[in-house]
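Enquirer: Predicted structure and sequence below. I'll ask about it afterward.
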Amino acid sequence: MNAALPPHVEAASPHVMNTYGRLPIALSHGQGCRVWDVNGKPYLDALGGIAVNTLGHNHPRLVPALQDQIGKIIHSSNYYHVPLQETLAAKLVELSGLENVFFCSTGLEANEAALKLARKFGHDKGIEKPEIVVYEKAFHGRSIATLSATGNPKVQAGFGPLVEGFIRVPLNDIEAIKSATANNPNVVAVFFEAIQGEGGVNPMHDDYMRDIRKLCDERDWLLMIDEVQCGMGRTGKWFAHQWSGIKPDVMPLAKGLGSGVPIGAVVAGPRAANIFKPGNHGTTFGGNPLAMRAGVETIRIMEEDGLLDNAASVGAHLHAALTRELSGLPGVKDIRGRGLMIGIELAVPCGDLLKTAADHGLLLSVTADTVIRMVPSLILTTAEADEIVAILCPLVRQFLQQSATTGKSA
């Protein structure tokens, strides 16, 4: 006689503030690029906690290292030196070619610190009301300042008045930024994502980044590049801007730096490294020993296992397979990205694909209403990439056929 099946567990969070449009899924555990929900259903994880789980789930070398650190010290405070801060900072300086690092706990905090650096840079030059150039479709966070820098009216709605001091320009248009800043002595910095994530996986062109670097040098502006989502090896280089051969003055990081342990960092070059003085900025949790150990071990394992090369090669394989299956299909506007940061832009809103894909055992996201986004762990294999294609592409075809039929009958 068969044992009775365990009762189905409903995914619900009635005492948690309703700030997310959650799917009815509650995850229990993971292994590599796969996760299981509380009812035992498996999923291939092409979202990676939104570009966070660099080493996948339950990594055999990361987990013991974190367990070791928890048994020593989790948190102290920044009243004291934290040796692992220096270890991780020195490594980030080596990888970036910049000069020093401030540690915090999230990407929002890293971007907020970058904005403060830019304003302090301006005030130190005698500019009373510093202004920062930001971009259409940008996303830098949900605090009032980072929300003001963000280029998405939908997420800004209901939270005015926003912070002043931002000049917004379109992507990849050097003449537009020159025009928008002409005869304005208050400009102090240019701030952009090397590849916009929430805005729809929109890359800044390499030539454009080089042009902006030159413009910042000519006008004594800080070049600040948000690598929170596209950095930490995701594109096949440590930082996405490195494909253009430039260096920023300020570089916020977070997400993949700690493989799931909350961490943020602001890496600064010579022009920004000494702007902050004691008392200008700070954090309680930032730079705690556990987060620093996560960052140190993440980078060590990435180097040992060649994960930059894996991100580049598996990402190219996935991009090519998606292009082969979907390019030219009516309703598919573009397939873009770099490495393991890929977006498929459709001609119609496709938020329904989030649940449809999950129903078929694939986790991904839809951003900017019409872009299917995949940012899996950097350990993804070509076989798993092929599995993503095998699940996703038929769903996209079916969705577009249904959308076309609905549109004709409307």
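Expert: Now that the structure is in, tell me what you want to look at.

Enquirer: show me the contacts for the residue positioned nearest the centre of the chain.
Expert: To find the centre residue of the chain, average its C-alpha atoms and take the closest one (C-alpha atoms, centre = their mean): that gives Gln229, at 1.4 Å. Neighbouring residues of Gln229 by C-beta atoms under 8 Å, 6 or more residues apart in numbering: Ile50, Ala51, Gly107, Glu193, Ile195, Gly197, Glu198, Lys255, Met341, Val375. Using the backbone N, CA and C atoms, a C-beta is placed for each residue, glycine as well.

Enquirer: Of these, which qualify as buried by neighbour count?
Expert: Ala51, Gly107, Glu193, Ile195, Gly197, Glu198, Lys255, Met341, Val375 (16 or more other C-beta atoms under 10 Å).

Enquirer: just to revisit the earlier point, now the residue nearest to the centre of the chain, nearest residue through space, not along the chain?
Expert: What sits nearest to Gln229 in space, not counting adjacent residues and going by C-beta to C-beta, 6 or more residues apart in numbering, is Gly197, at 3.8 Å.

Enquirer: so that neighbour touches Gly107, yeah?
Expert: No: counting by C-beta atoms under 8 Å, Gly107 is not a contact partner of Gly197; they are 9.9 Å apart.

Enquirer: Overlap of the contact sets of these two?
Expert: Common neighbours of Gly197 and Gly107, using C-beta under 8 Å, 6+ apart, are Val228, Gln229.

Enquirer: and the gap between Gly279 and Asn78?
Expert: Separation of Gly279 from Asn78 (C-beta to C-beta, to the nearest Å) stands at 12 Å.

Enquirer: neighbour count winner among these two?
Expert: The residue with more neighbours, out of Gly279 and Asn78 and counting by other C-beta atoms under 10 Å, is Asn78; that gives 15 against 6.

Enquirer: hang on, the earlier thing: among the contacts of Gln229, which one sits closest to Ile70?
Expert: When these are compared for distance to Ile70 (C-beta to C-beta), Lys255 wins out at 21.5 Å.

Enquirer: Provide a list of residues in contact with the closest one.
Expert: For Lys255, the contact set (C-beta under 8 Å, 6+ apart) comprises Ile50, Ala51, Val52, Gly107, Val228, Gln229, Gly231, Met232.

Enquirer: which other helices and strands contact whichever strand or helix holds Ala291?
Expert: Counting by DSSP states H and E, the secondary-structure element that holds Ala291 is helix 289-304. When contacts are defined as 3 or more C-beta pairs under 8 Å, 6 or more residues apart in numbering; DSSP states H and E, helix 289-304 sits against helix 62-70, helix 83-96.

Enquirer: Which ones among the buried ones among the contacts of Gln229 map onto strands?
Expert: Glu193, Ile195, Met341 (DSSP state E).

Enquirer: got TSV for the residues you listed, with distance to Met302 and pLDDT too?
Expert: Formatted as TSV, those follow (distance: C-beta to C-beta, whole Å; pLDDT from 0 to 100):
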residue	distance to Met302	pLDDT
Glu193	21	98
Ile195	19	98
Met341	16	98
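
Enquirer: Identify, from the residues you listed, the entry nearest to Gly32.
Expert: Sorting those by how near they are to Gly32, with C-beta to C-beta, puts Met341 at the top with 19.2 Å.

Enquirer: so what's that closest one bridging to?
Expert: Arg338 (DSSP bridges).

Enquirer: Is it correct that it is in contact with Ala51?
Expert: Yes: under the criterion of C-beta under 8 Å, Met341 makes contact with Ala51 at 7.2 Å.

Enquirer: what residues do these two have in common as contacts?
Expert: Gly197, Gln229, Cys230, Arg234, Val375.

Enquirer: Please settle this for me: is the third one part of a strand?
Expert: No: counting by DSSP: H, G, I helix; E, B strand; the rest coil, one finds Cys230 to be coil, located in no strand.

Enquirer: Neighbours of it, how many?
Expert: Using other C-beta under 10 Å, the number of residues around Cys230 comes to 29.

Enquirer: cool, Pro64 as well?
Expert: Here the number of neighbours of Pro64 (other C-beta under 10 Å) works out to 11.

Enquirer: mind checking the backbone torsions on Val250?
Expert: Phi and psi for Val250, reported as degrees, to the nearest 10, are phi -140, psi 130.

Enquirer: ok, now which ones touch it?
Expert: When contacts are counted by C-beta under 8 Å, 6+ apart, Val250 touches 114, 117-118, 189, 222-225, 266-269, 272.

Enquirer: now it: how far from His75?
Expert: For Val250, the distance to His75 - C-beta to C-beta - is 26 Å.

Enquirer: Quick one: the helices in the stretch 251-400 of the chain, in order.
Expert: Assigned by DSSP state H, counting those that start in this stretch, the stretch 251-400 of the chain shows helices spanning 289-304, 307-326, 352-359, 382-409.

Enquirer: angle of the lowest-mean-pLDDT helix or strand in the chain against helix 352-359?
Expert: Of all regular secondary-structure elements in the chain, judged by mean pLDDT, DSSP states H and E, the least confident is helix 382-409 with a mean of 92. Using axes from the mean of the first three to the mean of the last three C-alpha atoms, to 10 degrees, the direction of helix 382-409 lies 140 degrees away from that of helix 352-359.

Enquirer: name the helices or strands packed onto helix 382-409?
Expert: strand 42-45, helix 307-326, strand 341-346, helix 352-359, strand 362-363, strand 371-374.

Enquirer: buried residues in it?
Expert: 384-385, 387-389, 391-393, 395-397, 399-400, 403.

Enquirer: Could you dump those into JSON lines with distance to Ser13 added?
Expert: What follows is the buried residues of helix 382-409, written out as JSON lines (distance: C-beta to C-beta, whole Å):
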{"residue": "Glu384", "distance to Ser13": "30"}
{"residue": "Ala385", "distance to Ser13": "32"}
{"residue": "Glu387", "distance to Ser13": "30"}
{"residue": "Ile388", "distance to Ser13": "28"}
{"residue": "Val389", "distance to Ser13": "33"}
{"residue": "Ile391", "distance to Ser13": "27"}
{"residue": "Leu392", "distance to Ser13": "28"}
{"residue": "Cys393", "distance to Ser13": "33"}
{"residue": "Leu395", "distance to Ser13": "27"}
{"residue": "Val396", "distance to Ser13": "30"}
{"residue": "Arg397", "distance to Ser13": "34"}
{"residue": "Phe399", "distance to Ser13": "28"}
{"residue": "Leu400", "distance to Ser13": "33"}
{"residue": "Ser403", "distance to Ser13": "31"}
